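S.K.: A structural model of the following input is requested.
(chains A and B)
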Amino acid sequence: MKFTRLTSLAAGSMALALVAGACSGSATPAPAASGAPASAAAAASAATGAASAYTAPTDAGKAKGKTIAIISKGEQHQFWQAVKKGALDEAAKLGVTATYQGPATESEVDKQLTMLQTALSNNPAAVCFAALDSKAAGALLQQAQAANIPVVGFDSGVDSTIPVTTVATDNIAAAGIEADKLAALIGDAGKVAVIVHDQTSQTGITRRDGFVNQMKAKHPNVQVVSVQYGAGDPVKSADIAKSIMTANPDLKGFFGANEGSIKGILNALKETGKEGKIVAVGYDSGQQQLDAINSGVEAGAITQNPIGIGAKCVDAAVDAINGKTLPKNIDTGFYWFDKTNINSPEVQAVLYK
Amino acid sequence: MQTTTPPARSRVQSILGGDSIQRLLALGALVLLLAFFSVVVPHFASTNNYIDILTATAVNGVLATGVTFVIITGGIDLSVGTGMTFTSVVAGIVAVNMGLPLPLGLLAALGAGALVGSINGALIAKAKLPPFIATLGMLYVTLGMAQVISDVHPIYFDQQPAFQQFFMAKPVIGIPNIVWVMLGGAAIAWILLNKTILGRYTFALGSNEEATRLSGVNVDRWKIIIYAVDGLFIGLAGIVIASRMNSAQPGLGMGYELDAIAAAVIGGTSLSGGEGSVVGTIIGAFLISTLRIGLSVAGIPDQWKSVITGLVVIGAVWLDILRRRSRA
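M.R.: Have a look, this model is predicted:
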């Protein structure tokens, strides 16, 4: 059943790749048309690879009744609520105990390390860890290894060989698709700008670079005129978006790299009366973004699979407890969604409000 | 209050609004900054951009007005940002989740703000906690409570379309109503500080609390009242920010307190108490958002925006110290 869901996700991405190809093919000159489908197909095949490489466990085995400590990046964003739900539901299904916690904001690296320390002191059967800082946890990870506690990385990679696997979205590929989509929507030429939540986290860096590099490589006539950081705050991001519009009156498109950033862009478009005049693409879901996509103000977004990330990290932890070998990365997949497929069951399954 | 014996100069100065030099300095800096950006940064000089700066000032301007009261008493309030989040969530719960009329939701936000402020005041006046500690604690309590009562879900005011329509409408010279709300709040605060007994006690407490107490003023009660007034502005800021986002976002708020304190300090309000003005605070708030937006329009990298904002705060306070030294 797990397997089927992953397969359908992969198939979905593949179908989307075809759509992406068709879109840019019809709307843009030759060089971009040859670029966009190639990258989309690559992303789709990555998802396919993940589906065939990893099969989730159907029962807990030795892990039955044991505790898996999950340290996430926070609890306040809806995205993390969905990850939490996925993890706790999967744990209940398999009959293991999962604890879930995270710091108040995504900048509190030290608090997260304290949480990891405390979790390790309670000697759990496995730890799932979404590092706020990919390098800061080295000593604690060694401590886990010494105590024979397997560590599963999730959401963000950790700069270490200790985690048995990393369960995450391929953000570079996903942001590359955003670049292809936005380029196609503005006729593959003109100025676009990016608002990112921060420039230190893995997700901030990979989404920004995935988008900017894909634009440079495949869409030479699209110019990324500004990349600015709004801390994921919908009001601060709105002020930044407006200042970017001021500096670039001929701006054609915006990419918001997380939920707070795209909310800020949507607020700015509303406040300046530019709704529908500037193309916006986003990331993740949340009610405001879903409404904007339904009404056409936002062209579309990448959704990750937060419930799947939560479920898969528990699955991987259970496998690790049972001594199974895991692939280096478990890709949880992503979708490009817009007005046309927002109501399809496979997209609806991974959206959150 | 006439019987208090604080240092004569700061008292006279503050009551007559005589601390005008710092305000002039801040105003001069604001005008210079606006002129500089307008000349140097392409596209900065446009009516729309100036209105964007006003809009971006609204939330911080209201918070900074509130925090000015407690800073003048020699206190501080670190809970204004997350307190604002808490009050916006309360408005959402009342007006959306409970489905009550919007005005009740807005009143509830103000009430929640006054409650947060009163608790701060009681902790400081009755339990004798240092203001820094009491309000630091309330920073976490209000952030946590905002998430508890909202179940960590944003609350959207979609069922109350009049909310955003009213506050973001631009009936007067293209300026959104939230800016007029900020200026109206500042005008009320100016009257409170300069024309009422509450204002006189606010300055007296900051100049010499012991002398104020010895002259028969119920210092504890007035402290609680002053923190409650600060809390009302927190509630007003909660309304303003919720109207801009058309939602209450329970994860927001950290960091807003520092912008508010910076605005008050740039505007000449002294962290050692006894001196300050609402006019200065509003100028300070404009200065901060002008700086942020100017640097953003100019495309200055984020990290340098932070450095420059910090240097401006340091520079403003340093100028203030130089001025006092030359006066003394």
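
S.K.: any idea of the pLDDT on residue 1?
M.R.: Just going to use chain A. The predicted structure scores residue A:1 at 37 on the pLDDT scale.

S.K.: sorry, should have said chain B
M.R.: Each residue has a pLDDT score; the one for residue B:1 is 42.

S.K.: Repeat that for residue B:79.
M.R.: Residue B:79 carries a pLDDT value of 98.

S.K.: Would you mind giving both backbone torsions of it?
M.R.: phi -100, psi 10 (degrees, to the nearest 10).

S.K.: excluding its backbone neighbours, what's nearest it?
M.R.: Nearest non-adjacent residue to residue B:79, counting by C-beta to C-beta, 6 or more residues apart in numbering or on different chains: residue B:138, 3.8 Å away. Bear in mind the C-beta positions are built from the backbone N, C-alpha and C, glycine included.

S.K.: count of residues packed around the residue in the stretch 101-250 of chain B that chain A sits nearest to?
M.R.: When distances are taken as C-beta to the nearest C-beta, the stretch 101-250 of chain B reaches nearest to chain A at residue B:245, 5.1 Å away. Here the count is done by other C-beta atoms under 10 Å in any protein chain shown, and residue B:245 has 23 residues near it.

S.K.: all helices for the stretch 101-250 of chain A, in order.
M.R.: For the stretch 101-250 of chain A, the helices defined by DSSP state H, counting those that start in this stretch occupy A:109-121, A:138-146, A:171-185, A:202-218, A:234-247.

S.K.: Please read off the pLDDT at the nearest residue to residue A:108 once chain neighbours are set aside from the model.
M.R.: The shortest distance from residue A:108 to any residue other than its chain neighbours is 7.2 Å, reached at residue A:132 (C-beta to C-beta, 6+ apart). With respect to pLDDT, residue A:132 has a value of 84.

S.K.: element containing residue A:337?
M.R.: strand A:335-338 (DSSP states H and E).

S.K.: Same check on residue B:167?
M.R.: Following DSSP H and E, the helix or strand that holds residue B:167 is helix B:161-168.

S.K.: Remind me what that helix packs against, helices and strands.
M.R.: Using 3 or more C-beta pairs under 8 Å, 6 or more residues apart in numbering or on different chains; DSSP states H and E as the contact criterion, the elements in contact with helix B:161-168 are helix B:177-195, helix B:219-245.

S.K.: could you redo the last one with a cut-off of 6 Å?
M.R.: Identification of packing neighbours for helix B:161-168 by 3 or more C-beta pairs under 6 Å, 6 or more residues apart in numbering or on different chains; DSSP states H and E yields helix B:219-245.

S.K.: Strand partners (parallel or antiparallel) of the following helix or strand past the helix it packs on?
M.R.: Beyond helix B:219-245 on the C-terminal side, the first helix or strand identified by DSSP H and E is strand B:247-248. Within its sheet, strand B:247-248 is paired with strand B:155-156 (antiparallel), according to DSSP bridges.

S.K.: what about the partner strand, average pLDDT?
M.R.: pLDDT averaged over strand B:155-156 gives 94.

S.K.: Same check on stretch B:24-31?
M.R.: Per-residue confidence for stretch B:24-31 averages out to 85 on the pLDDT scale.

S.K.: what's the answer for stretch B:37-48, then?
M.R.: When pLDDT is averaged over stretch B:37-48, the result is 93.

S.K.: and it, how far from the chain's centre?
M.R.: For stretch B:37-48, the distance from its own C-alpha centre to the chain's C-alpha centre is 27 Å (C-alpha atoms, centre = their mean, to the nearest Å).

S.K.: Any residue of it touching chain A?
M.R.: Yes - applying C-beta under 6 Å from any C-beta of the partner chain, one finds that stretch B:37-48 is in contact with chain A at residue B:43.

S.K.: Can you tell me what sits against that stretch?
M.R.: Applying C-beta atoms under 6 Å, 6 or more residues apart in numbering or on different chains, the contact partners of stretch B:37-48 are A:246, A:247, B:294, B:297, B:298.

S.K.: can you pick the most crowded of those?
M.R.: residue B:297 (26 neighbours).

S.K.: wait, that residue sits on residue A:245?
M.R.: No - at 9.3 Å, residue B:297 does not count as touching residue A:245 under the criterion of C-beta atoms under 6 Å.

S.K.: for the chain, what helix or strand is lowest in average pLDDT?
M.R.: Let's take chain A. Taking mean pLDDT, DSSP states H and E as the measure, helix A:30-53 is the helix or strand of chain A with the lowest mean score, a mean of 34.

S.K.: Could you give the number of residues near residue B:140?
M.R.: Taking other C-beta under 10 Å as the neighbour definition, residue B:140 ends up with a count of 14.

S.K.: does residue B:111 sit in a helix or strand, and which one?
M.R.: When secondary structure is defined using DSSP H and E, the element that contains residue B:111 is helix B:102-125.

S.K.: what's the angle between that helix and helix B:161-168?
M.R.: Counting by axes from the mean of the first three to the mean of the last three C-alpha atoms, to 10 degrees, helix B:102-125 points 60 degrees away from the direction of helix B:161-168.

S.K.: Compute the inter-axis angle for helix B:102-125 and helix B:219-245.
M.R.: 140 degrees.

S.K.: Quick one: list the elements packing against the next helix or strand after helix B:102-125.
M.R.: Next in sequence after helix B:102-125, counting helices and strands by DSSP H and E, comes helix B:131-150. Based on contacts counted as 3+ C-beta pairs under 6 Å, 6+ apart, the elements that helix B:131-150 packs against are helix B:80-92, helix B:102-125.
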